[in-house]
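Asker: just coords:
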């Protein structure tokens with residue numbers, strides 16, 4: 001009698017086991033898997049975005065550092081500096097005051113006129129011989145850093161009004177940002193003195209010695 005009661009129970013267990021998972025169980029499992037995959041994917045995307053921001057910031061820092069170092073070297077070897085507030089259109093149409101700079105320099109042992117400008121978010125420079133227009137070799141504008149975000153309230157170049165000698169000290173304040181929507185600005189600042197400016201040199205790199213932008 002006992003055996004007759006046990007046998008249907010075992011049969012029911014075998015039938016239930018052989019039936020496998022139900023549709024509801026599969027849907028629940030798939031939902032859980034989707035949630036887990038979504039969390040993992042969101043984490044990977046966040047990690048990738050963070051890595052991109054770090055790489056962009058690092059590249060921006062490198063660009064800015066090299067640009068400031070180059071300007072620093074030219075100004076330190078400078079014989080004549082021009083007030084960036086009086087520049088502007090000398091470096092091209094639409095260039096605001098303080099967004100360009102000229103220096104007569106002996107950097108690398110060669111007397112050259114060098115002009116810098118910030119236009120369209122790019123920091124550019126060009127150079128020409130002091131004997132222009134007798135020698136008409138003028139380099140093309142070359143971009144050395146991009147994503148410059150200086151505004152008119154914070155121009156990249158200015159004379160230091162507290163300098164001991166008038167026109168001796170140039171302030172450089174470059175702001176750049178590769179991803180303005182997600183990252184903060186990177187700032188490159190320097191105050192550089194022209195070692196020879198105080199001795200007074202002839203007025204070169206201007207007037208007829210200044211080529212068209």
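Answerer: Yep, it's here. Computed from a predicted model, the values in this text were never measured in an experiment.
Asker: if you count residues, which helix in this protein comes out on top?
Answerer: If you go by DSSP state H, the chain has its longest helix at helix 23-76.
Asker: pLDDT (mean, whole number) over that helix?
Answerer: Computed over helix 23-76, the mean pLDDT rounds to 79.
Asker: Quick one: list the elements packing against the very next helix or strand once past that helix.
Answerer: On the C-terminal side of helix 23-76, the nearest following helix or strand under DSSP states H and E is strand 78-81. If you count contacts as 3 or more CB pairs under 8 Å, 6 or more residues apart in numbering; DSSP states H and E, strand 78-81 packs onto strand 100-105. C-beta coordinates here come from the backbone N, C-alpha and C atoms, glycine included.
Asker: if I look at residue 28, how far off is residue 34?
Answerer: Separation of residue 28 from residue 34 (CB to CB, to the nearest Å) stands at 11 Å.
Asker: How about residue 177?
Answerer: According to CB to CB, residue 177 and residue 34 sit 37 Å apart.
Asker: quick one, which of these two is more surrounded?
Answerer: Taking neighbours as other CB atoms under 10 Å, residue 177 and residue 34 compare with residue 177 leading, 19 against 10.
Asker: isn't the more buried one right up against residue 186?
Answerer: Yes - if you go by CB atoms under 8 Å, residue 177 and residue 186 touch, sitting 6.7 Å apart.
Asker: quick check, residue 85 in a helix?
Answerer: Yes - counting by DSSP: H, G, I helix; E, B strand; the rest coil, residue 85 falls inside a helix.
Asker: From the structure, what's the count of residues near it?
Answerer: Residue 85 has 13 nearby residues by other CB under 10 Å.
Asker: Now do the same contact list for it.
Answerer: For residue 85, the contact set (CB atoms under 8 Å, 6 or more residues apart in numbering) comprises 97, 98, 158, 159.
Asker: Tell me the pLDDT of it.
Answerer: Residue 85 carries a pLDDT value of 89.
Asker: so where's this protein shaky on pLDDT?
Answerer: Low-confidence segments of the chain (pLDDT under 70): 1-21, 50-57, 59-60, 162-167, 179-183, 196-202.
Asker: Now stretch 102-122: buried residues?
Answerer: Residues 102-105, 107, 112-119 are the ones in stretch 102-122 that count as buried (16 or more other CB atoms under 10 Å).
Asker: what's in contact with stretch 134-146?
Answerer: 60, 63-64, 66-67, 70, 117, 121-129, 132, 174, 176, 211.
Asker: Assign a three-state SS to residue 143, would you?
Answerer: Taking three-state DSSP, the label given to residue 143 is strand.
Asker: Okay then, goodbye and thanks.
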